[in-house]
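Enquirer: mind looking at a prediction? Sequence and model below.
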Amino acid sequence: MNLTDIRHLFDYTEWANELAMDAAAELSDDHLLRDVGVSHKSIFGTLLHMAGAEWIWLERWNGRSPAKYKAWLMWTTDSCADLLMLKERWRDLIDRRAQFISELDEERLDAELAFKLLSGDPSSMPLVDQMQHVANHATLHRGQIVGMIRQLGIEPPSTDLLLGS
């Protein structure tokens, strides 16, 4: 995977995430916050998790590996109480990631990049693999959101790669 592929992958990820956010914005608070027993309980909880995970990885790519406590403190319903606030924080994150990607070159993309796991344990993998992981993570959770929306009896958005970005 090269830099052109990464740019395309993140353009798609942002487009599809935006569709999920737009669909969430159409839901009642009851539907948005309803615990349906999926990994992050609700549609809002899942969106919050997605943004938080993207923030953690961007921090790592910039040489900072946040501790578990700090990482999740910023991305809880106590610190980010509604969809509007989440959308603003996520937009800032997307803008910072776009800046990061615009400054990448092929050599840095392919290079091994060390980071700490949330447990504090050291880890390392090529930046390109880390970036693919982030996009795959978002796809997994968008699928959960689509399923939760469908469980509510509402037609979910289609976020397939072949449809857009």
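Expert: Perfect, thanks for sending it.
Enquirer: R89 and C80 touch, don't they?
Expert: Yes - here R89 reaches C80: they are 6.2 Å apart, a contact under CB atoms under 8 Å. All C-beta atoms are positioned from the backbone trio N, CA, C, and that covers glycine.
Enquirer: neighbour-wise, which of those two wins?
Expert: Taking other CB atoms under 10 Å, R89 and C80 do not tie; C80 has more neighbours (21 against 18).
Enquirer: show me what contacts the more buried one?
Expert: By CB atoms under 8 Å, 6 or more residues apart in numbering, the residues touching C80 are 48, 74, 86, 89.
Enquirer: again, only using 10 Å
Expert: Residues counted as contacts of C80 (CB atoms under 10 Å, 6 or more residues apart in numbering) are 44, 47-48, 51-52, 74, 86-90.
Enquirer: same question for H137.
Expert: 13, 49-50, 53-54, 57.
Enquirer: quick revisit: give me the lowest-pLDDT entry from the contacts of C80.
Expert: Across the set of the contacts of C80, M74 stands lowest in pLDDT, at 74.
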